[in-house]
Every structure is written in structure tokens, then in C-alpha cells.
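J.: After the sequence you'll find the predicted model.
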Amino acid sequence: MTEHKITYDDVINLAQRRSLFFPSSEIYTGYLAGFFDYGPYGAAIKRKIVDMWRKDLVQKEDFFEIDGAIVMSEDVFNSSGHLKNFKDPITRCTKCKSIFRADKLLEENVKDGNFKEAMSNEELTKALRQNKIICPKCTGQLMDVDKASLMVEVKVGVARDKGTYLRPESCQSIFLDFARLTKTMRLKLPKGVSQYGKVFRNEISPRQSLIRSIEFSQMETEVFFDPAKINDIENFEQVEDYEIMIQRAGDKSTKPIKAKDLVAKKLVSGKLIAYYLARTQELYEKYGIKKEDMRFRELDSDERAFYAKEAFDFEVRTSIGWVELIANNYRTDYDIKGHMEGSKEDLRYTDDKGNRLIPHIWEISIGVDRTFYAIIENSMRIEGDRTLLSLPARIAPIDVAIFPLLSNKEELTKKAKELYYLLRCNFDVFYDESGSIGKRYARMDEVGVHFCVTVDFDTAGTDTVTLRERDSTKQERVKISELKNILSAKIRPC
């Protein structure tokens, strides 16, 4: 059978057909671009992606987890540098007034170009003129490049005399809470502090659904450490021979490099960074992404964020190209120092010997919605008239579906419902008796359900059911008394 190469449109069609995700407020013709709702299956997959991050990274690495406010005062973002620096280069059409990211417009229209967000307005304007770039919507002329803030301002309170913003990243409350955590939680360096939640950015041209939206979710971790002890990392031997997919700055190829070699060759600042690059990649392998389809792309000095000394964008190959899912940044002492100056509070850390220091920070900032998209596309298969999501069992929206072979036989439906009630305390279970058994299997395959259990005419006499596996479609008879243990071992291995 000829393999069907999955496209972006295939993913969108499946998402719409099964309500994985779809535009928010879509019943109104003027709904806002860049906002999306997740349906029941999509919400379940997204939740399990977060749960897996929480268990396999946050819990296993003994990170703290907080839940900070979404709205913050302008004082925070003055100190963090966002009000001054968090901007995108834009150009407007003189005719239809459409707005575009200047660097992205150049990337899409000029082959072999090297256009970067950090280029000056003058450099980007010159490039637009030299390459004769015009408005892609109406062919009108484009204005000179300017900078537009990505911050989303909101009004809070009756007086509204204080500037407030929706957070553009979930890490600022981690930095603001650091001093409190050192006292109340007896935080000891090195220590990761994590947070999951919504963030907002005034995306210039929201497009490609979840890839470039205004409201999205992040799974963020900030690892605080003493820079003098960047190589004093427990458990480094667990990853030292693990190969990390690295694309060096200025290099077009990706090469597997062992964690210990990243340190020995000084490709990273120390063991702590190599360790967390390895742990991050391991997580995405568990999400079902193949190693050859992922890379840490090293950013050179004119690509890095304004606060980063060292940075690697974790990217995954998709049908629309390499998509950045994670920003991995060595933020040094920029954040704590900035908030010390802005708040006039002493946020230094005191170690066991009484030494005081401003900790450095390694950041792992994961885009949940982009991760969701990449997992869906990389797991999607179309085989003839069969569509399936080959999701890892741990992030399938439903653990197991229960079917009676026939819906008009009470002895089958009664037993199937008993089994449904038996399993639903331990698993996410779905019961369905509508349509042929083949159609029911197909519906579950499409949304990634790994296992289906069928109650048939042999069940009553043998106390067994048929357990069907999604990818292979293989079926086996299993005892009902053993079903819980079998499913637990397959779905939730330690």
C-alpha cells in the first residue's frame, strides 16, 4: 500500500471532523483570529501531554510547581525588559492596510535569504525594497518597517490608573516568587521551578492555527543555579552517553552529540545545560517524536532573545517545515537582577555557608499548543480508507473503549456496561454501541484510542473479552479478571 504523506491540511481536516480544535467563537462571522477552543478529545490529549510533562520532567527532576497570576502590572514588565524589547518588525500595506511580519515575509519570498528578527528596521526595509516584495493580499506597496509591541494590555479595576498586561510568558511569576520560595520551601540550588498556564502575545499575523496564535499555553521551567557550580550536577552519568540532536549555529546539518561531548567540547557552558537538553529530548521521544525529526538548533548572537547568553530552539519537523516548540535559554542573572533593581528588594540567595549570590537561570519554555500540533501530525497515518492517530497510550484521549458486539442483544449490552462501570474508576473509558463494530473501531482509531474491548457471544461462557490494539489491529482473548492489570501495564508503565 502506498504511504500517504501527511500534510497540514490533513491535520486540520481531522481536527475539524473530530473537534480536536477549532476557532473560538466560530458561530460569529467576525470571530477573532488567533484564538482556539479544544473539543473533548483534543482537551483530553492536551491535558495528558501536560500530565506527562508533569510526571516525567517536573516530578522526576524534583522541581517545584507554582500557579501564578496571568495579569501583572507594568512595573514587572518594565523590569523584565518586555515593554522596551518585546517587539516584532512589521510592515503595512499602503493600499489594503494589512499588516505583516517583515522578517517572515522575506523568509517566505526570498530563497536562500538570511533574514532575522533582530535586524534593524532600516535593514529589513532595504531588503523588502531590493527583493521587490509587495503585499501578498492585494499586490499593494509596503510601508517602511517599524516595531510593534507583542504585549497585550488590559484594564483592571475601577480607577484604571495603573498599567496592566496579560503575561506574554509564564516565567515572570517564577522569578518574582523565587525569594519567597527560598524561605518557605527551603529551596536549595540547583532547583527547578515550573508552571503551566495561559500566556498572550499580540501576534502580528495569526496563522497556521495552533502554530501562531495570540492565546496559548506554556509548560515552563526555570532552573536556578550557582554559576560557579554549573558542573556539579547529580545524575549526569545517567545521560552522559545519551545522544542529543544538535544543529550548530551556521551549520545546515543536524548531528547526534553525546551529552558528555557537548561539555567536553565546550559546545555548552556546562553539565547542567547538557543534562536538561537530554531530559527535554527524552520527554519528546516519549511523546512519540522520532529522533531524526527533532533538533536543538543553536542560535547565534543576533537571533537570541535579549536576555539570553546561550540558546537552543528545540524544533520538530512537520509538513510546514521545522517548527519551534521549546525555547531553551541561558538567562544568566538577568531576571533576578532586573527585578531587584525594579522592586528595590534584595532577592539574592544565601547558601549554607552564608554566601550571598544572584542565581543564574536555565530556561525550558515549552509551547503546549505547538507541541500538541506536532504530536498529532507526527502520529497521524492514512492507510487506504483508514485514518488513525498512532499516539503513545499515555496521551491517548481515551484509555479504552468498551463495545458490545451487537447493540440489539441485551446479554451483550448489559455485560459491556458492567465492564464499563468496572473500569472507569481506574481508566478513561468510553462506551459505544452505535453502528457496526468496524465503524466503531474506525472512530476510535481516528482519535488515537489505543485499546478497544469487545464483549461477544463467547464472553458469558468463558468470562473473557476481545482486546484489540489500535496500530496492528491485532486481537487477543483476555480474562475479565486480568483486564485491569493488563491495561495498567500497557498504558501506565512506570
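T.: Yep, it's here.
J.: separation between Arg468 and Cys452?
T.: As defined by CB to CB, to the nearest Å, Arg468 lies at a distance of 4 Å from Cys452. Heads up, the C-betas are built off the backbone N, CA and C, glycines and all.
J.: who has more neighbours, these two?
T.: Between Arg468 and Cys452, counting by other CB atoms under 10 Å, Cys452 is the more crowded of the two (26 against 23).
J.: one step back: can you pull the residues that touch both of Arg468 and Cys452?
T.: Tyr441 (CB atoms under 8 Å, 6 or more residues apart in numbering).
J.: in the stretch 151-300 of the chain, what spans have low per-residue confidence?
T.: 159-160 (pLDDT under 70).
J.: Can you give me the neighbour number for the closest residue in space to Thr164 that isn't next to it in sequence?
T.: With CB to CB, 6 or more residues apart in numbering as the criterion, Thr164 has its nearest non-adjacent residue at 4.7 Å, and that residue is Val156. Neighbours of Val156 under the rule other CB under 10 Å: 13.
J.: Sticking with Val156, tell me its helix or strand.
T.: Assigned by DSSP states H and E, Val156 falls within no helix or strand.
J.: Excluding chain neighbours, what is closest to Asp226?
T.: Closest to Asp226 by CB to CB, 6+ apart is Leu189, at 5.1 Å.
J.: From Lys229, how far out is the one you found?
T.: 8 Å.
J.: One more: Gln218?
T.: 28 Å.
J.: higher neighbour count, those two?
T.: It is Gln218, of Gln218 and Lys229, that has more neighbours when counted by other CB under 10 Å, with 22 against 14.
J.: give me the number of residues near the residue nearest to that one when sequence neighbours are not counted?
T.: Counting by CB to CB, 6+ apart, Gln218 lies nearest to Ser170, which is 4.6 Å off, once chain neighbours are set aside. Neighbour count of Ser170, defined by other CB under 10 Å: 25.
J.: Surely Ser170 and Arg201 touch.
T.: No: if you go by CB atoms under 8 Å, Ser170 and Arg201 don't touch, sitting 11.9 Å apart.
J.: tell me which residues in the helix or strand harbouring Asp37 are buried?
T.: Assessed by DSSP H and E, Asp37 sits inside strand 36-38. Residues Phe36, Tyr38 are the ones in strand 36-38 that count as buried (16 or more other CB atoms under 10 Å).
J.: try stretch 24-42
T.: Ser24, Gly34, Phe35, Phe36, Tyr38, Gly39, Tyr41, Gly42.
J.: out of these, who's nearest Cys93?
T.: Ranked by distance to Cys93 (CB to CB), the buried residues of stretch 24-42 are led by Gly34 at 19.3 Å.
J.: can you tell me which residues contact that closest one?
T.: Glu203, Pro206, Arg212, Ser213, Ile214, Glu215.
J.: want to throw these into JSON lines with neighbour count?
T.: Below are the contacts of Gly34 laid out as JSON lines (neighbours: other CB atoms under 10 Å):
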{"residue": "Glu203", "neighbour count": "18"}
{"residue": "Pro206", "neighbour count": "18"}
{"residue": "Arg212", "neighbour count": "20"}
{"residue": "Ser213", "neighbour count": "21"}
{"residue": "Ile214", "neighbour count": "18"}
{"residue": "Glu215", "neighbour count": "18"}
